[in-house]
Every structure is written in structure tokens, then in C-alpha cells.
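model this:
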Amino acid sequence: RNFKLWGQMYSNSFYNINISKSDNNGIKTTKYASGSQTESYFASNGTVVTDNVIRVTENNTYTVYVEDLVGNKNVSTITIDKIDKTAPTGTISVSFSSGTLKGTVSASDNLSGVSSYMYAFTTSTTCPTSGYTESANNSYSFTLSSVGTYYICTKIKDVAGNISSAIISSAYKYTAPTITLGTNGNSAYVKGNVSSKITVSKGSADLSTSTYKYIYSTSNSATPSTSFTSGSSYTLTSATGKYYLIAKACDTNNVCTTKVSNVFYVDNTAPTCSLSVSGTTITGKYSDTGGSGVAYYGYSSGMTGTT
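As a prediction, the model looks like this:
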């Protein structure tokens, strides 16, 4: 009546107790019962085993009873503690560096232990149902290439095969650089030069100063082409018309911001005037092409002005 019991690795549903048995006279009966039992218990109790595998669904101590054809009996016990029906739990945090958003998971499991992590990247406040990438690492990174609000979702898997519900991180808002103009246009025509300070502030990623460009243009969609330094002022000289100051700056991930000013009204062109004589009548004609209009005109012979 030689026999032994052994089992398998972790399971999330059932556990197979394997029985190896032999006897010179042949085996008459094999039974099992939960708990630690004696031979006498099986005289009227126990579940008959018809093959060499017992399938159980709960962690416990189990007793196996074997009786041979001439009445010899033996029992053996095995403790099952590898049925894990509970999914892992955890949290995920996010951090940003060098253009990537990294999710880091802190997880725990009550029995079999954590085996892997699944990750998904989303702009939604709810986690996707598919499209996860599985990894043995408790952290995973995604590349950000545009402005927006992002989340990383994770599912945690244990050795027994239980998978947690999706866990979502807090929101990470990826922002572009910010451009501020010291003087943002003017409300009326001015004579002379106009200038404005251009200041660039960092968004989520480091700034790329080689991308800083500006232009004064009569078109509000012109492409900036002249380099500038953040915090410096730049002047439009000897110009006449309606001008826009346009500045552009990018970060190291090539996420860019373009700032278009309000209108700068500039008039450095003098009005024109012509006179004609007909008999005793002198006729004066004047015009202004600079945009601001004629503010004053007059005539002399004892010069009286009219505005």
C-alpha cells in the first residue's frame, strides 16, 4: 500500500491532487475527504476516487484513504494553499521626462504574487477595454508628441492568472511653450518706431532656443524668419501701415507655439499737397497715404489754419 500525493502550481479555479499508489494485493478502494481524518473515518465517509486525480476548488487540508483487497488501509494528507481566486490590487502614478510619460505601478497580491502588468495609453477619462501591452516591469513609458491631457491605464496579473480591473492614473496635461508680448499692438496710428519685448516660457518639455523666430508683417499669417532671444525687445523701423508681430517657439519635442499680436498702426509717410491757380482762385489739394489721415491743413497770407 505505497502511495504519495502531489499537486500543481498556483491556480485561480481548481487544484489537482495527483495520487501515486501501488499494492502487492491490488487496490480495493480509494477515497478522500477534506480535513485531517483517520482511517476509521472512511468506514462510512469520504468520496470515492475512480482515477488517480482529485480536483478540489478550495484551499484546505485533504486526506486520501487507500484500502487493498485483503483489508490493509493507509491514509495520507496534503495541504492545498495554491488556489488563488483574488485579483491583485494596486495604484499607478505618472511622471514626465524627455518627451515620455511613464506610468509606475505599485501592486500587491494576497497569495500567488504579481506576475505581469498590462498598460494602455489614452486621452479618455475611462480606460480602454483592449489594446494593452503586457510587461514584466512595473513601469512603462509612452512618447508624447502633441499638446493634450493624457492617462495611463494598467491591469495587474498574478501568477494564478487573476487579472485586476483597469486602474487609471491621474491626468497629465502636456503643454506647449508660452509666448508673451510686452506690447501687444496699439489702438491708434503712431509716428516713428514700434517695439515689443518677446518672452518665452517653458511648457512641459525643455525649450529649443534655436527655433525662436519672429517677423513684423502686414499679413497675420506670415512665417517668422528672424531669430530672437527670449526677454529682448525687437523694433519695427521706418514702416507705414498695419503690422503684426508674429513669434514662434518650440520645445525639444517639436511642440510649437505661434503668437500673433494685435495690430500695430504705424504712419511714417507725410501727407501730400498741391496747389493750382485759376484767375484769382488758388485751389489746394491734399491727401494722406499713410493711413492716419490729415490732421491739419491751412493757407497763408496772414496764415489762418483750419483743422
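
and residue 270, what is it in contact with?
Contact analysis of residue 270 by Cβ atoms under 8 Å, 6 or more residues apart in numbering lists residue 290. To be clear about C-beta, it is placed using only N, CA and C from the backbone, and glycine gets the same treatment.

Next, it: secondary structure please.
On the three-state scheme (DSSP: H, G, I helix; E, B strand; the rest coil), residue 270 is labelled coil.

Pop out the phi and psi values for it.
Main-chain torsions, residue 270, degrees, to the nearest 10: phi -70, psi 150.

what do you get for residue 40?
Dihedral angles (degrees, to the nearest 10) for residue 40: phi -60, psi -30.

Likewise for residue 124?
phi -90, psi 160.

you'd agree it is up against residue 152?
No. Counting by Cβ atoms under 8 Å, residue 152 is not a contact partner of residue 124; they are 11.8 Å apart.

When these two are compared, which one has more neighbours?
residue 152 (26 against 11; other Cβ atoms under 10 Å).

Which pLDDT value belongs to the closest residue in space to the more buried one that isn't next to it in sequence?
Distances taken as Cβ to Cβ, 6 or more residues apart in numbering place residue 103 nearest to residue 152, at 3.5 Å, with adjacent residues excluded. pLDDT for residue 103: 98.

Spit out the contact partners of residue 103.
By Cβ under 8 Å, 6+ apart, the neighbours of residue 103 are 92, 93, 94, 119, 139, 140, 141, 142, 152, 154, 169.

beta partners of it?
With DSSP bridges as the criterion, residue 103 is bridged to residue 94, residue 140.

distance of it from residue 163?
Counting by Cβ to Cβ, to the nearest Å, the gap from residue 103 to residue 163 is 17 Å.

is it true that residue 189 touches residue 263?
No. Taking Cβ under 8 Å as the definition, residue 189 is not a contact partner of residue 263, at 10.3 Å.

joint contacts of these two?
Joint contacts of residue 189 and residue 263 (Cβ under 8 Å, 6+ apart) do not exist.

Mind jotting down where the helices sit in the chain?
Taking DSSP state H to define them, one finds no helices in the chain.

Tell me who's in contact with the residue nearest the centre of it.
For the chain, the residue sitting closest to the mean C-alpha position, by Cα atoms, centre = their mean, is residue 150 at 3.1 Å. Applying Cβ under 8 Å, 6+ apart to residue 150 gives the contacts 101, 121, 122, 123, 142, 144, 171, 172, 173, 174.

and the third one, bridged to which residues?
Taking DSSP bridges, one obtains residue 151 as the residues bridged to residue 122.

And for it, the neighbour number?
Residue neighbour count, defined by other Cβ under 10 Å, stands at 18 for residue 122.

distance of it from residue 156?
Using Cβ to Cβ, one gets 17 Å for the distance from residue 122 to residue 156.

Also the second one?
Here the criterion is Cβ to Cβ. By it, residue 121 lies 17 Å from residue 156.
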